[in-house]
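> Whatever this is, show me its structure:
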Amino acid sequence: MTTRLVLRDGLLDAQLLRTVGAAPYDGADLGECLQAARAVKGASLDSWHDVWTALADRVHGLADTEQAAGHLESARRAYLRASTYYRTAGVMLFGLPVDPRLVMSNRRQTEAFQRAAALMTPPAEVLRIPYEGTTLPGYFLRAGSDDTARATVVLTGGYDGTCEELYFFNAAAALQRGYHVLAFDGPGQGAALLQQGMVIRADWDNVVGPVLDYACGRPEVDSGRIALIGLSLGGFLAPRAASGEHRIAALVADSGSFDLHAAFLARLPKALAAGYAEGRPRARALLGQLLTVLERRPTAGWALRRGQHVHGADTPLAYLDALRDFSLAGHAERISCPAWVCNAEGDDIGASAPQLVNSLTVEKRFVRFTAAEGAGDHCEAGARTLYHARSFGWLDEHLHP
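Numbers count the residues shown, from 1 in each chain. Okay, the predicted model is just below:
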């Protein structure tokens, strides 16, 4: 992390930056966020949840009051902030067994966002996208009220994001530039995970396929001008989808990743990683013990707890084993559309983005965001307007919204 705000704990401060980063698109207010962060007691995850929930409740109450008074623009903006704050309250509670507070925070962030969505012009449409005998939750947002077929962006997120949060990360910026937007939660994400119990899968083309079936059936969507934008883990999932789904006209991978399993092993001591990779029983047992100790630490173990939850893995070692399928080796070269890939200077998650770019055989552009321009953090969390200028500048050249 290259940007530090007010919290000593690096992960909590990064989550604060993520929340503050929604401010340009009505998803947060700086003063509200800083005051909430200062009220958190150290690295207590219970305190984090309670403080952000209290702020969300207060802002939601403001939205209710403004709507009752007929001040619909004020109400819309307050509901959007409340949605962000409810999501922020729950984000640190990922893990198994499922914490009911996390489920409730997801439900309340969805409710607040949908209250705001009804006040948008035109109103956002709540979706249930047919998918393998069930449905995926999502939204369709139109850039205009007419039925003209437009270029459309499909948004896919990451490990702990939600399709509601995708509004602030990419949808609002796309709408301002004339794109229709379809944002959804796939297996392992948002409400699909927390309300429906669907864990993640690597073959994301089989997730995006039904989403595109739905999108192409809408008269407002120009089926020849559909872009897929992946955020965070979506920077891996979107390229994986594009490798098998060739209706995509342009691909954007924000924090492009090539091989999640290899990236995990690269953070381990070399001897231990080698022993695990070779399948040595003693190395596996030792690594399992070390990861189990790590996962119990409040913030240092969060990514492990989250990974087990998202993958439906019983142990940290089972989660690591599950990551073997999350590689673009043998897939990246099958992508047939132009691709724009980025990473950020201070973000280890996107460190393998150049490997993805080098594996592509199509027209491609790679952009590296730096700390000097305030964009060195994961998914350029503190500089989304800069990110949008560069990514949508490229996308505009290819899809002409």
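
> can we go C-alpha only for contacts and neighbour counts from here?
Noted.

> Send me the top strand by length along the chain as CSV with only the CA atoms.
Ranked by number of residues, the top strand in the chain under DSSP state E is strand 221-231. Output of strand 221-231 as CSV, limited to C-alpha atoms (Å, rounded to 0.1, in the frame of the first residue of the first chain):
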residue,chain,number,x,y,z
VAL,A,221,-27.7,-3.4,-26.1
ASP,A,222,-25.6,-3.4,-29.3
SER,A,223,-24.4,-7.0,-29.2
GLY,A,224,-21.4,-6.1,-31.4
ARG,A,225,-20.1,-3.5,-28.9
ILE,A,226,-19.9,-5.2,-25.5
ALA,A,227,-16.9,-4.7,-23.3
LEU,A,228,-16.0,-6.8,-20.2
ILE,A,229,-14.4,-4.9,-17.4
GLY,A,230,-12.8,-7.0,-14.5
LEU,A,231,-12.0,-5.4,-11.2
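
> Quick check: mean pLDDT of it?
Across strand 221-231, pLDDT averages out at 98.

> helices or strands next to that strand in the packing?
Under the contact criterion of 3 or more Cα pairs under 8 Å, 6 or more residues apart in numbering; DSSP states H and E, strand 221-231 touches strand 150-156, helix 205-216, helix 234-242, strand 250-254.

> who's in contact with the last one?
Strand 250-254 is contacted from outside by 225-232, 234-236, 238-239, 242, 337-343, 379, 391, 395, 398-399, using Cα atoms under 8 Å, 6 or more residues apart in numbering.

> picking that back up, please work out which residues outside the longest strand of the chain touch it.
149-158, 180, 215-216, 235-239, 247-255, 379, 399.

> does residue 147 count as helix, strand or coil?
coil (DSSP: H, G, I helix; E, B strand; the rest coil).

> Give me the neighbour count for residue 363.
12 (other Cα atoms under 10 Å).

> I'd guessed it sits against residue 339; true?
Yes. Contact criterion Cα atoms under 8 Å: residue 363 and residue 339 qualify, at 6.4 Å.

> Quick check: buried residues in the one helix or strand residue 83 maps to?
Per DSSP states H and E, residue 83 falls inside helix 72-90. By 16 or more other Cα atoms under 10 Å, the buried positions in helix 72-90 come out as 72, 75-90.

> pLDDT of that helix, averaged?
If you average the pLDDT values across helix 72-90, you get 98.

> hang on, isn't residue 193 packed against residue 311?
No. Counting by Cα under 8 Å, residue 311 is not a contact partner of residue 193; they are 9.7 Å apart.

> Now the common contact residues for these two.
With Cα under 8 Å, 6+ apart, residue 193 and residue 311 have common neighbours residue 199.

> Quick one: end-to-end distance for stretch 186-203.
Chord length of stretch 186-203, first to last residue, is 11 Å (Cα to Cα, to the nearest Å).

> Could you pull out the buried residues of it?
186-194, 196-203.

> Then stretch 164-183?
Quick answer for stretch 164-183 (16+ other Cα under 10 Å): 164-175, 178-183.

> follow-up on the earlier one: filter the contacts of strand 221-231 down to just the buried residues.
150-158, 180, 215-216, 235-239, 247-255, 379, 399.

> That'll do, ta.
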